[in-house]
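*Asks:* test case, fold it:
(3 chains)
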Amino acid sequence: MGASAALVGVAGATHVLHAGAIVSFLACALALAGVAHVIGEATDQVGNHLSPSTTGLIQSAVGSLPELFVCIFSLQAGLVTVVQASLIGSILANVLLVLGLAFVVGGWRHGVLEFNARTPRMIASLLLLAVSALVLPTLANELHLAAASHEQELAVVCAVVLLLVFAILTKSMLEQGQRAVPAEAHARAHAWPLSTAIAVLLVCAGGAALVSDWFVEALEPAIDTLGLSQTFAGLVVVAIAGNAIENVVGVRLAAAGKSELAVSVVLTSALQVAVVIVPVLVLASFTMGGAAFTLAVPPILAVALFFSVLVVTVVTVDGQADMVDGAALIGLYAIIAAIFWWG
Amino acid sequence: MGASAALVGVAGATHVLHAGAIVSFLACALALAGVAHVIGEATDQVGNHLSPSTTGLIQSAVGSLPELFVCIFSLQAGLVTVVQASLIGSILANVLLVLGLAFVVGGWRHGVLEFNARTPRMIASLLLLAVSALVLPTLANELHLAAASHEQELAVVCAVVLLLVFAILTKSMLEQGQRAVPAEAHARAHAWPLSTAIAVLLVCAGGAALVSDWFVEALEPAIDTLGLSQTFAGLVVVAIAGNAIENVVGVRLAAAGKSELAVSVVLTSALQVAVVIVPVLVLASFTMGGAAFTLAVPPILAVALFFSVLVVTVVTVDGQADMVDGAALIGLYAIIAAIFWWG
Amino acid sequence: MGASAALVGVAGATHVLHAGAIVSFLACALALAGVAHVIGEATDQVGNHLSPSTTGLIQSAVGSLPELFVCIFSLQAGLVTVVQASLIGSILANVLLVLGLAFVVGGWRHGVLEFNARTPRMIASLLLLAVSALVLPTLANELHLAAASHEQELAVVCAVVLLLVFAILTKSMLEQGQRAVPAEAHARAHAWPLSTAIAVLLVCAGGAALVSDWFVEALEPAIDTLGLSQTFAGLVVVAIAGNAIENVVGVRLAAAGKSELAVSVVLTSALQVAVVIVPVLVLASFTMGGAAFTLAVPPILAVALFFSVLVVTVVTVDGQADMVDGAALIGLYAIIAAIFWWG
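*Replies:* Residues are numbered from 1 along each chain as shown, chains lettered A, B, ... in the order given. Purely as a prediction, here's the structure:
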């Protein structure tokens, strides 16, 4: 926590002192990861006082805060393309890069990894639903169908559908006494008092908002300085920066031979973006002053997302994965990144 | 049977008396469902006299009659878009709406539903074949390839392929002593004499033709009155009206915990549309005076069908389904319906 | 071997004597199959002297020689469309036609065929990766994205990714002491001295180069004489001619009830085209004088390949297949061939 506070301090300093764009961007990304880490710890501490199911709900809600704030501030800054790309990139980074690394590292150490195929299968079908909610409006837009001129209403319908399905998923998880992310992933030894945990959460929420604001302000000059396309910046740079914590956790779990937990943590993280953050942003963008955020994305992004979800579905369908599967996932990520390298 | 005859009578009355379009349309839809119900009962009664395999064949042939008649009369009335949409809608209604409801209701009562994954897997691969036979000609058409100017010949080739595969499937089912729809689905207590059963079938075939004619005549004014687009009317209204029986049967089976039978009945119903009714209509449209019926459909319809089949494939691949899976299927149906709401 | 030498002699004669285009084309196709057969036997003989893993590597490398030579000479002759179509056709012929025939023949004799689903599942995910490496650049090209003007660099990145994944697959196979094509497929009774086997391999490599040259020279006039489109010629004629050996082997294994081996041989053959021959050609086309070979293919080819891989994935996912599955695969091949019949 001290380290995280220091990171936020450094990020604030680069912001106030108008440090170079890249330095400021990197400092903000690190600070965001620090805040995300403390939020994870604080929700776990809350879990020592409340039931696992309630904790799971709080974790879902609070854990997405930093990413949500970055997206909302970016939308207000008019960076719709960056936001769309960074959300899709967040899913891609999880299901391809992180899961691929987890399989390569885990497979390297333990040979063929075994895990229960039920959770990945269920997440795969929900991800495919989310992909449909992206591909169909995108196609309607490209073909100039009548629905294209009702893009916002259509996006709201899709968002409500996704949130309802997520609500039923949450209810089902709670009833089964399971959380989407299994509890052991975050088990800690010593407990905080509930008041401390809640106070930390509130401070973190404020910190997340503050650092997100600086991050977005540093984003555009950093993109210009590096000469990146907006899509590549969102798809790769923002996506990886925004998922640093999940990435490390997922790979370490796989290295420790806990492949079931690793698969669950990584895929749940991708699912949360697809069926919580995206629909919340769609609904939020109506009440905000910024640019409208709809589900009609550049077609190549939608197709890249579709293939990623499809490959992950096939790789995890039999509850077995090894280095070759991991390499295939990372390879697909590299191909997609290459396509957007030139804009 | 008495109730069904009454429904046909009411539909006839609304037709002769030129009742309001919506009233007449609803009366005809109910009458069609009644005729379909009696046909189902009569083929079961025939089954008390003939071998299960022969009964299965008769059931396949006669059970599709009402839907076939509606489509043929609609084609003769030049409603090609409505027919294409209603056939695809019939598949969507089965694999998404009915199966989704079955999983939600069954999952609500029984938790995780278990079923043998072999039948759904086999049906999924045949549905994917049928989707390919729709997507590839559609794409050839959109891209103005050379094949596009031979649209009708191409449609005939695809239709013959689908019917041949269906013939091999039927032969395989007969040899295994199984019917596509397992026998218990329709087991009845008291038997009719064979002559009665056949007479009822003949009367029903005539009744189906008559009511289908009225239904199609009432369809266009009803669409206009309701201000619906032709695609939405076909995709949602006609599709649900034409599958009322399967819908009720599928959901009731799942509620009774017979999930294997429910999955089989619903998916077989979708498969019959894809590999029997569609190819028969393609071949029939050449010999009729009406509009040509080919496999080049609006691209968005083809893509919506593709995603639906894909999601159902993933949901059923492990022989387990629960409320969340059901919600995902219904959610996809809602998103697709929303896209066509505006035309 | 004597027969193969005779076939090469006949092909040479038709070439020197300027026989009719079709005669010459057929003679060269037969001679290529003969050379491929002898190469298969010689690598097996090498296997009597070296470890199975080294043999597997040599077999992968040498077994692809005839197909590689045909493609390279065709590229030098500017026949880019034919090469792209024949490579995709080679994959389609394997996963649809040959596997379909194997399932029909095997299912006819043995009912439901059972096999370990792990190998097909792993090959399916790698084939999907290869399909992504084709679909995404093709789409970027169609949509005139920035990446489209860097088509060659993008193709090189994809080629390197595919070859790296193949290298990891090979390493993993070697460590597990397995070869991609199980050893029994080619077990022979009497051994050659190592020197003989290597000498035969060298002669075959030379023979393959020679006959490939004649084959390509006879190809264009044969296409013109038959009035075929270039795509159909590559997709169907060249693809089937170039895979004659695998075809016969796969179907005979299935007929003998060795379904696991049959599935493995056929799918591995398709995988080798996708992740070895295609990327090697991409890299080779830069160093050659001929036309550039990239991964942006006609969209309909990419979509046809995608559906083929998807259907094969679903058919093999549960480790069971019967005549119906075989018929579905062959049916899809027939539909795709029909689409390209008119160009």
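*Asks:* what's the neighbour count on the residue of the stretch 51-200 of chain A found nearest chain B?
*Replies:* Residue nearest to chain B within the stretch 51-200 of chain A: residue A:146 (3.5 Å; CB to the nearest CB). The C-beta positions use only the backbone N, C-alpha and C, and glycine is treated the same way. Residue A:146 sits with 15 neighbouring residues when counted by other CB atoms under 10 Å in any protein chain shown.
*Asks:* do I have it right that it meets residue B:300?
*Replies:* No: Residue A:146 is beyond contact range of residue B:300, at 10.6 Å (criterion: CB atoms under 8 Å).
*Asks:* element containing the residue of the stretch 201-343 of chain A found nearest chain B?
*Replies:* With CB to the nearest CB, the shortest gap between the stretch 201-343 of chain A and chain B falls at residue A:313, namely 5.9 Å. Per DSSP states H and E, residue A:313 falls inside helix A:299-316.
*Asks:* tell me where the stretch 51-200 of chain A has strands.
*Replies:* Using DSSP state E, counting those that start in this stretch, the strands of the stretch 51-200 of chain A run over A:113-114.
*Asks:* so where's it uncertain?
*Replies:* A:51-54, A:56-57, A:59-61, A:177-190 (pLDDT under 70).
*Asks:* which parts of it are helices?
*Replies:* Secondary structure of the stretch 51-200 of chain A (DSSP state H, counting those that start in this stretch): helices located at A:52-63, A:65-76, A:80-92, A:99-110, A:118-142, A:151-175, A:194-226.
*Asks:* need the residues of the stretch 1-150 of chain A near chain B, please.
*Replies:* A:117-118, A:121-122, A:124-126, A:128-129, A:131-133, A:135-137, A:139-140, A:143, A:145-147, A:149-150 (CB under 8 Å from any CB of the partner chain).
*Asks:* which parts of chain A sit against chain C?
*Replies:* Contacts of chain A with chain C, taken as CB under 8 Å from any CB, map to A:229, A:299-300, A:303-304, A:307, A:310-311, A:314-315, A:317-318, A:320, A:322-325, A:327-328, A:331-332, A:334-336, A:338-343.
*Asks:* can you flag the buried ones in those?
*Replies:* The neighbour-count test (16 or more other CB atoms under 10 Å in any protein chain shown) marks A:229, A:299-300, A:303-304, A:307, A:310-311, A:314-315, A:317-318, A:320, A:322-325, A:327-328, A:331-332, A:334-336, A:338-342 as buried among those.
*Asks:* tally of neighbours for the spatially closest residue to residue A:82 that is not a sequence neighbour?
*Replies:* Spatially, and ignoring its direct neighbours in sequence, residue A:82 is nearest to residue A:234 (4.1 Å; CB to CB, 6 or more residues apart in numbering or on different chains). If you count neighbours by other CB under 10 Å, residue A:234 ends up with 29.
*Asks:* go on, residue A:118?
*Replies:* Residue A:118: 13 surrounding residues under other CB under 10 Å.
*Asks:* for the closest residue to chain C within the stretch 151-300 of chain A, which non-adjacent residue is spatially closest?
*Replies:* Closest residue of the stretch 151-300 of chain A to chain C, CB to the nearest CB: residue A:300 (5.6 Å). Distance criterion CB to CB, 6+ apart; nearest residue to residue A:300, sequence neighbours excluded, is residue C:139 at 5.6 Å.
*Asks:* report the buried residues of the strand or helix carrying residue A:29.
*Replies:* For residue A:29, the enclosing helix or strand under DSSP H and E is helix A:21-47. Neighbour counts over helix A:21-47 (16+ other CB under 10 Å) mark A:21, A:24-47 as buried.
*Asks:* and the angle from it to helix A:65-76?
*Replies:* For helix A:21-47 against helix A:65-76, the angle by axes from the mean of the first three to the mean of the last three CA atoms, to 10 degrees is 140 degrees.
*Asks:* contacts only, for residue A:315.
*Replies:* Taking CB atoms under 8 Å, 6 or more residues apart in numbering or on different chains as the criterion, residue A:315 is in contact with A:103, A:321, A:325, A:328, A:329, C:125.
*Asks:* quick one: the closest residue to the third one other than its chain neighbours from residue A:132, how far?
*Replies:* To tie it back to what came earlier, the one meant is residue A:325. Leaving out its chain neighbours, the residue that sits closest to residue A:325 by CB to CB, 6+ apart is residue A:315, at 4.7 Å. Distance, residue A:315 to residue A:132, using CB to CB, to the nearest Å: 20 Å.
*Asks:* ditto for residue A:115
*Replies:* Look at residue A:115 and residue A:132: by CB to CB, they are 26 Å apart.
*Asks:* neighbour count winner among those two?
*Replies:* Higher neighbour count among residue A:115 and residue A:132: residue A:132, with 25 against 20, using other CB under 10 Å.
*Asks:* my read: the more buried one touches residue B:312, true?
*Replies:* No: assessed by CB under 8 Å, residue A:132 is found out of contact with residue B:312, at 11.9 Å.
*Asks:* around residue A:153, count how many other residues there are.
*Replies:* By other CB under 10 Å, the residues close to residue A:153 number 14.
*Asks:* and the helix or strand just after the helix holding residue A:313, which strands flank it?
*Replies:* Moving toward the C-terminus from helix A:299-316, the next helix or strand (DSSP H and E) is strand A:320-321. Strand pairing for strand A:320-321, determined by DSSP bridges: strand A:113-114 (antiparallel).
*Asks:* off-centre distance for the strand it pairs with?
*Replies:* On the basis of CA atoms, centre = their mean, to the nearest Å, strand A:113-114 is displaced by 24 Å from the centre of the chain it belongs to.
*Asks:* what residues does that strand touch?
*Replies:* Here strand A:113-114 makes contact (CB under 8 Å, 6+ apart) with A:103, A:106, A:107, A:254, A:259, A:319, A:320, A:321, A:322.
*Asks:* which one of those is nearest residue B:84?
*Replies:* residue A:319 (39.8 Å; CB to CB).
*Asks:* surely the closest one touches residue A:116?
*Replies:* Yes: the criterion here is CB under 8 Å, and residue A:319 meets it with residue A:116 at 6.1 Å.
*Asks:* which one's more surrounded, these two?
*Replies:* Legend: neighbour count by other CB under 10 Å for residue A:319 and residue A:116, higher for residue A:319 (18 against 12).
*Asks:* so who does that one touch?
*Replies:* Each residue near residue A:319 by CB under 8 Å, 6+ apart is listed here: A:114, A:115, A:116, A:117, A:120.
*Asks:* hmm, try it at 6 Å
*Replies:* A:115, A:117 (CB atoms under 6 Å, 6 or more residues apart in numbering or on different chains).
*Asks:* likewise the one 5 residues further on?
*Replies:* Applying CB under 6 Å, 6+ apart to residue A:324 gives the contacts C:168, C:169, C:172.
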